[in-house]
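Student: Fold the following and give me the result.
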Amino acid sequence: MDARRTDVLPDVTPTRSSGRPALALGLTLVGLAVLIAAPLFVYPVFLMKILCFALFAAAFNLLVGYVGLLSFGHAAFFGGAAYASAHALKVWGWPPEAGILFGALVGAGLGLAMGFFAIRRQGIYFSMITLALAQMVFFVCLQAPFTGGEDGIQNVPRGHLLGGFVDLSSNLNLYYVVLGITAFGLFAVWRIVRSPFGTILEAIRENEPRAVSLGYRVERYKLGAFVMSAGLAGLAGGTKALVFQLATLTDVAWQMSGEVILMTLLGGIGTFAGPVVGAALVAALEHYFATSSFPVTIITGLVFMACVLLFRRGIVGEIQHRWRR
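Tutor: Sure, this is the predicted structure:
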């Protein structure tokens, strides 16, 4: 039935902006060129942190920006995948590509289990259910013997990619691998949003009762988006565990869920580049003010207040809005 009703979608979905494909392509190529040259001027590990959180924020934005589901438990997918990848790499001795893929699959599996219960509710009830389920994952990571408890999993080996072809002990080599993973994840988000599936998700966000009346099985679409978002968050978490060679309770704590919400809000909900900009901003604040005597949380809060007052749609969202005007 879904395939027969695609002709009615323009009536229930927001109008897509035609945009300027040439300009968007040009900006993308410029941004990619900057990222390729960036490790020559900036510490690669810091850049890899930005890339991991950019992918995490983009995965979260897929759910909140295009489906309208605000999750308070995305840390469960990010941190759960980090633990899974770290355990597979250190204990089972898996190669890095298999360990990261395993983390993404664990994140998607957790998303399927949590989403099965969460999508039955809407609004704040959905958010609180995701938070409660994420806290259950947190306590499992705290008590399970293979997670190392409060110490976490440390000294995770980076190994060699592609059967020894690429030595990931080099920060520069690892940076380009992480850049490729992040580029793949962002492209996946872009493709999902631009597909007919993404159009239906936006229709559900704008008017769910109308989408139901047209015959779409809304719960299936929302569950599919939830699992995709969780899988991409798991990909970010597994990559982060490889970069920093550890997985800790910080990755799965509720504060991490709040941090990714902050990143998305700062950059702009429902924009493609917004989560990337928000992640870069938050990571830069934490990095450069970590040794400051002034609490970094207060600085982040002040920046957030300034963005709320000056950029009501987020930084990228406000720029796009003014550009259209």
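Student: What pLDDT does the model give the residue sitting nearest the centre point of the chain?
Tutor: What sits nearest the mean C-alpha location of the chain, by Cα atoms, centre = their mean, is Phe56, with 2.1 Å. pLDDT recorded at Phe56 is 97.
Student: Name the nearest residue to it, ignoring sequence neighbours.
Tutor: Leaving aside its sequence neighbours, Phe56 sits nearest to Ala236 (Cβ to Cβ, 6 or more residues apart in numbering; 4.0 Å). Heads up, the C-betas are built off the backbone N, CA and C, glycines and all.
Student: roughly how far apart are that neighbour and Leu25?
Tutor: Here the criterion is Cβ to Cβ, to the nearest Å. By it, Ala236 lies 25 Å from Leu25.
Student: Show me which of those two is the more surrounded one.
Tutor: The neighbour count for Ala236 versus Leu25, taken as other Cβ atoms under 10 Å, is higher for Ala236 (34 against 10).
Student: Can you show me the CA trace of the helix or strand harbouring Trp323 as CSV?
Tutor: Using DSSP states H and E, Trp323 falls within helix 315-324. Taking Å, rounded to 0.1, in the frame of the first residue of the first chain, the C-alpha atoms of helix 315-324 are listed here in CSV:
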residue,chain,number,x,y,z
ILE,A,315,23.9,28.6,13.6
VAL,A,316,23.5,26.8,10.3
GLY,A,317,19.8,27.1,10.4
GLU,A,318,19.8,30.8,10.8
ILE,A,319,22.4,31.2,8.0
GLN,A,320,20.2,29.2,5.7
HIS,A,321,17.1,31.1,6.6
ARG,A,322,18.7,34.5,6.0
TRP,A,323,20.3,33.2,2.7
ARG,A,324,16.8,32.2,1.4
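Student: That one: which residues count as buried?
Tutor: By neighbour count on 16 or more other Cβ atoms under 10 Å, the buried set for helix 315-324 is 315-320.
Student: any chance of the residues you listed in CSV, with pLDDT and distance to Gly80 too?
Tutor: As requested, the buried residues of helix 315-324 are exported to CSV (pLDDT from 0 to 100; distance: Cβ to Cβ, whole Å):
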residue, pLDDT, distance to Gly80
Ile315, 88, 30
Val316, 87, 29
Gly317, 85, 30
Glu318, 85, 34
Ile319, 85, 34
Gln320, 83, 34
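Student: Dihedrals phi and psi, the nearest residue to Leu246 once chain neighbours are set aside?
Tutor: In space, and not counting its chain neighbours, Leu246 is closest to Gln154: 4.8 Å by Cβ to Cβ, 6+ apart. Gln154 adopts backbone torsions of phi -110, psi 170, taken as degrees, to the nearest 10.
Student: do the same with Ala247
Tutor: phi -140, psi 130.
Student: give me every residue that touches it.
Tutor: Ala247 sits next to 79, 82-83, 85-87, 147, 152-153, 156, 241 when contact means Cβ atoms under 8 Å, 6 or more residues apart in numbering.
Student: okay, it: pLDDT?
Tutor: Predicted confidence (pLDDT) at Ala247: the value is 95.
Student: so how far is Ser213 from it?
Tutor: Separation of Ala247 from Ser213 (Cβ to Cβ) stands at 45 Å.
Student: now do Arg312
Tutor: For Arg312, the distance to Ser213 - Cβ to Cβ - is 32 Å.
Student: Quick check: the closest residue to Met263 other than its chain neighbours vs Val308, distance?
Tutor: Leaving aside its sequence neighbours, Met263 sits nearest to Gly278 (Cβ to Cβ, 6+ apart; 3.8 Å). Separation of Gly278 from Val308 (Cβ to Cβ): 13 Å.
Student: With neighbour numbers in mind, choose between those two.
Tutor: Using other Cβ under 10 Å as the criterion, Gly278 and Val308 rank with Gly278 on top: 31 against 12.
Student: buried stuff in the strand or helix carrying Val137?
Tutor: Using DSSP H and E, Val137 sits within helix 123-143. For helix 123-143, the neighbour count (16+ other Cβ under 10 Å) marks 126-127, 129-131, 133-135, 137-138, 141 as buried.
Student: what packs against it?
Tutor: helix 75-90, helix 96-118, helix 254-267 (3 or more Cβ pairs under 8 Å, 6 or more residues apart in numbering; DSSP states H and E).
Student: Of those, which is nearest Gly224?
Tutor: helix 96-118 (8.9 Å; Cβ to Cβ).
Student: quick one: the closest one to helix 123-143, angle?
Tutor: Relative orientation of helix 96-118 and helix 123-143, computed by axes from the mean of the first three to the mean of the last three Cα atoms, to 10 degrees: 130 degrees.
Student: hey, C-alpha coordinates of helix 96-118 in PDB?
Tutor: Provided in PDB are the C-alpha atoms of helix 96-118 (Å, rounded to 0.1, in the frame of the first residue of the first chain):
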ATOM      1  CA  PRO A  96      39.800  -2.700  13.500                       C
ATOM      2  CA  GLU A  97      37.400  -2.700  10.600                       C
ATOM      3  CA  ALA A  98      35.500  -5.700  12.100                       C
ATOM      4  CA  GLY A  99      35.500  -4.200  15.600                       C
ATOM      5  CA  ILE A 100      34.000  -0.900  14.400                       C
ATOM      6  CA  LEU A 101      31.400  -2.700  12.300                       C
ATOM      7  CA  PHE A 102      30.600  -4.800  15.300                       C
ATOM      8  CA  GLY A 103      30.000  -1.700  17.400                       C
ATOM      9  CA  ALA A 104      27.700  -0.300  14.700                       C
ATOM     10  CA  LEU A 105      25.700  -3.600  14.700                       C
ATOM     11  CA  VAL A 106      25.400  -3.500  18.500                       C
ATOM     12  CA  GLY A 107      24.200   0.100  18.400                       C
ATOM     13  CA  ALA A 108      21.600  -0.900  15.800                       C
ATOM     14  CA  GLY A 109      20.500  -3.900  17.900                       C
ATOM     15  CA  LEU A 110      20.100  -1.800  21.000                       C
ATOM     16  CA  GLY A 111      18.100   0.700  18.900                       C
ATOM     17  CA  LEU A 112      15.800  -2.100  17.700                       C
ATOM     18  CA  ALA A 113      15.200  -3.300  21.300                       C
ATOM     19  CA  MET A 114      14.700   0.200  22.700                       C
ATOM     20  CA  GLY A 115      12.800   1.500  19.800                       C
ATOM     21  CA  PHE A 116      10.300  -1.400  19.900                       C
ATOM     22  CA  PHE A 117       9.100   0.000  23.300                       C
ATOM     23  CA  ALA A 118       9.800   3.700  22.900                       C
END
